[in-house]
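Novice: Give me the fold of what follows.
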Amino acid sequence: LAVTSKTPDYKKAASFFEKAIDRDPAFMEAYFNLGMCLERLGKPEEALQVYSSALTRNPKSVSASAYIAKIYLGKARHARILGRPAERLQWLKKAKALLDRLVKLAPKDVALNNAMALYYLAMNDTDTAERYVKEVLYVDPTNVTGLNTRGLINLKRGKFLIAEWIFLNKVLREDPHSTEALTNLGYTYIMLNRRKAAMRYFKLALKKAPSNMDVRMNIAAMLLEHLDYKRANMHYRIILRAEPLNLEAQEGLCDSMYGMGGNAAEPAKQFRKAIVCYIAFLKKRPKRIELIKRIAAAFKDKVLDLKNAVKYFKIYRAKIRPGVAPHLKKLALYFTSFVNQEKAKIKGSLPLVLTYIEKHLKKNKPKFYGDEKPDEIAEMKKEYAELQVTLAKTTKTIKDVIANKDGGLGWKALIGAAKGLDEVAADLKHDAQK
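Specialist: Below you'll find the model as predicted:
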């Protein structure tokens, strides 16, 4: 009753299932229900302990192991949100190793097939995920986890209206309190460009599960998008109190602090706080080079601190300055293999490429800023000289092909992966502009 009431009381339900386990320690369903209640309460670690206890009581229980694998998959998803790809991969491997062993023992087990579907969904293999979901729904057509996964499969495939129908008319009809379905419906409405509806369902999900930080992240991101910086800031702070290592939330906090500078009583002071936030974030995500430029610009335009502006512009310049223009390297790579089926299309484009080489690439010498070391300058000049030799050979090959003087051999030096060298030239020009 505590679970099926109009407003489910998962905490009260959990206490009843705990008593049921005390009375009959061999009652497996009580363990599983207790674990699911704890998951709904945002306590995956406690749920894992319960499922592990069930497995200790019955080592042959495939369902208990499958619930444990599902927790591992949840940890993998959380690691992705925190920006930890290596940790995510470890949890996925751990889940898969456990599931592969179980599928040989009980291929029709509902909990197992649900976990298998979720694994393959995490790996973006929607076809295999769908196969396992069908196994679940053949046995239990109203299984909420299976129906929810089926909706997610359609969401990932871009079938947004079908996903909406499944979440609304299948999952939420069976379980009106499913925070997963409410959240996924929010995602679906974002893809359908129905932002108000998305926010409504995210708020419903958060109301039912205030400790669900994933839902709160979605709300914060939408508030940020709608320039409601103050409320976004509040949500990001709540998230970081619960998950101090959540890098996505930390960056969102910095963005909201920066946005708040526009209406602050003391704008310069608020922008400085945002800058400090970005600098702290960069220490954890040093590859986010574009933020260095934003810090420099903030010092220059928002705080009027020219000394620090120059400092961070220099750091930014050092990070992005290539040894030699990268589009030269890209051009050299394009002329490597033979593709006969594109011959006619390529040949019509060759004069354009020749013109591009002559006008742009050969004149693009490496720039020096005066703070390079002698060995750096020597290396840059050496790379540039080598690439000029490559370009000269390429130019000769193209001219021979145009004049039909190559005997067919010149084609072996031309790119085959591109649809035509006019597209290659456009790509290179785009890189040059960047």
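Novice: what sits against Thr142?
Specialist: Residues near Thr142 by CB atoms under 8 Å, 6 or more residues apart in numbering: Glu174. Quick note: C-beta positions are derived from backbone N, CA and C, even for glycine.
Novice: again with Ala129
Specialist: Taking CB under 8 Å, 6+ apart, one finds 117-121, 149, 153 in contact with Ala129.
Novice: And it, how far from Leu41?
Specialist: Using CB to CB, to the nearest Å, one obtains 27 Å as the distance from Ala129 to Leu41.
Novice: still on that earlier bit, out of the contacts of Ala129, who's nearest Lys70?
Specialist: Closest approach to Lys70 among these (CB to CB): Leu118, at 6.5 Å.
Novice: Only C-alpha atoms, please: export the one helix or strand the closest one maps to in CSV.
Specialist: Applying DSSP states H and E as the criterion places Leu118 in helix 110-122. The C-alpha coordinates for helix 110-122 follow below in CSV (Å, rounded to 0.1, in the frame of the first residue of the first chain):
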residue,chain,number,x,y,z
VAL,A,110,13.2,-10.8,-16.7
ALA,A,111,15.6,-8.9,-14.5
LEU,A,112,18.5,-10.2,-16.5
ASN,A,113,17.1,-9.3,-19.8
ASN,A,114,16.2,-5.8,-18.5
ALA,A,115,19.8,-5.3,-17.4
MET,A,116,21.1,-6.7,-20.8
ALA,A,117,18.9,-4.2,-22.7
LEU,A,118,20.1,-1.3,-20.5
TYR,A,119,23.8,-2.4,-21.1
TYR,A,120,23.4,-2.4,-24.9
LEU,A,121,21.5,0.9,-24.8
ALA,A,122,24.4,2.4,-23.0
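Novice: What residues sit buried inside it?
Specialist: Under the neighbour-count criterion of 16 or more other CB atoms under 10 Å, helix 110-122 has 110-122 buried.
Novice: can you list the weak-confidence ranges in this protein?
Specialist: For the chain, the stretches with pLDDT under 70 are 1-8, 321-373, 376, 387, 390-391, 397-398, 400-434.
Novice: follow-up on the earlier one: mind picking the two most distant members of the contacts of Ala129?
Specialist: Pairwise distances among the contacts of Ala129 were taken by CB to CB; the largest, 12.9 Å, belongs to Tyr119 and Ile153.
Novice: rewinding a little: distance to Glu243 added to the contacts of Ala129, as JSON lines?
Specialist: Formatted as JSON lines, those follow (distance: CB to CB, whole Å):
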{"residue": "Ala117", "distance to Glu243": "27"}
{"residue": "Leu118", "distance to Glu243": "21"}
{"residue": "Tyr119", "distance to Glu243": "24"}
{"residue": "Tyr120", "distance to Glu243": "27"}
{"residue": "Leu121", "distance to Glu243": "23"}
{"residue": "Thr149", "distance to Glu243": "25"}
{"residue": "Ile153", "distance to Glu243": "28"}
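Novice: From Arg231, how far out is the closest residue to Ala20 other than its chain neighbours?
Specialist: Spatial nearest neighbour of Ala20, excluding adjacent residues (CB to CB, 6 or more residues apart in numbering): Ala30 at 4.0 Å. In this view, Ala30 and Arg231 are 41 Å apart by CB to CB.
Novice: More neighbours: those two, which one.
Specialist: Ranked by neighbour count (other CB atoms under 10 Å), Ala30 and Arg231 place Ala30 first, with 21 against 14.
Novice: so what does the strand or helix carrying the more buried one touch, helix or strand wise?
Specialist: Assessed by DSSP H and E, Ala30 sits inside helix 28-40. Contact here means 3 or more CB pairs under 8 Å, 6 or more residues apart in numbering; DSSP states H and E; on that basis helix 28-40 packs against helix 10-23, helix 44-57, helix 62-81.
Novice: and Ala26, how many neighbours?
Specialist: 10.
Novice: how close does it sit to Asn184?
Specialist: For Ala26, the distance to Asn184 - CB to CB - is 36 Å.
Novice: follow-up on the earlier one: most tightly surrounded among the helices and strands packed on helix 28-40?
Specialist: Of these, the one with the most neighbours on average (mean count of other CB atoms under 10 Å) is helix 62-81, at a mean of 22.
Novice: any idea of the angle the very next helix or strand once past that one forms with helix 110-122?
Specialist: Note on helix 62-81: by DSSP H and E, the next helix or strand toward the C-terminus is helix 85-103. If you take axes from the mean of the first three to the mean of the last three CA atoms, to 10 degrees, helix 85-103 sits at 140 degrees to helix 110-122.
Novice: Show residues contacting helix 85-103.
Specialist: For helix 85-103, contacts defined as CB under 8 Å, 6+ apart pick out 62, 65-66, 68-70, 72-73, 75-77, 79-80, 109, 112, 115-116, 119, 122-123.
Novice: what about dumping the CA coordinates of that helix to PDB?
Specialist: Only the C-alpha atoms of helix 85-103 are listed here, as PDB (Å, rounded to 0.1, in the frame of the first residue of the first chain):
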ATOM      1  CA  PRO A  85      35.200   8.100 -19.100                       C
ATOM      2  CA  ALA A  86      37.700   5.600 -17.700                       C
ATOM      3  CA  GLU A  87      35.600   4.900 -14.700                       C
ATOM      4  CA  ARG A  88      32.500   4.600 -16.800                       C
ATOM      5  CA  LEU A  89      34.200   2.000 -19.000                       C
ATOM      6  CA  GLN A  90      35.300   0.000 -15.900                       C
ATOM      7  CA  TRP A  91      31.700  -0.200 -14.600                       C
ATOM      8  CA  LEU A  92      30.400  -1.200 -18.000                       C
ATOM      9  CA  LYS A  93      33.000  -4.000 -18.300                       C
ATOM     10  CA  LYS A  94      32.100  -5.200 -14.800                       C
ATOM     11  CA  ALA A  95      28.400  -5.200 -15.600                       C
ATOM     12  CA  LYS A  96      29.000  -7.000 -18.900                       C
ATOM     13  CA  ALA A  97      31.200  -9.700 -17.400                       C
ATOM     14  CA  LEU A  98      28.500 -10.400 -14.800                       C
ATOM     15  CA  LEU A  99      25.700 -10.400 -17.400                       C
ATOM     16  CA  ASP A 100      27.500 -12.700 -19.900                       C
ATOM     17  CA  ARG A 101      27.900 -15.300 -17.100                       C
ATOM     18  CA  LEU A 102      24.200 -15.000 -16.100                       C
ATOM     19  CA  VAL A 103      22.700 -15.200 -19.600                       C
END
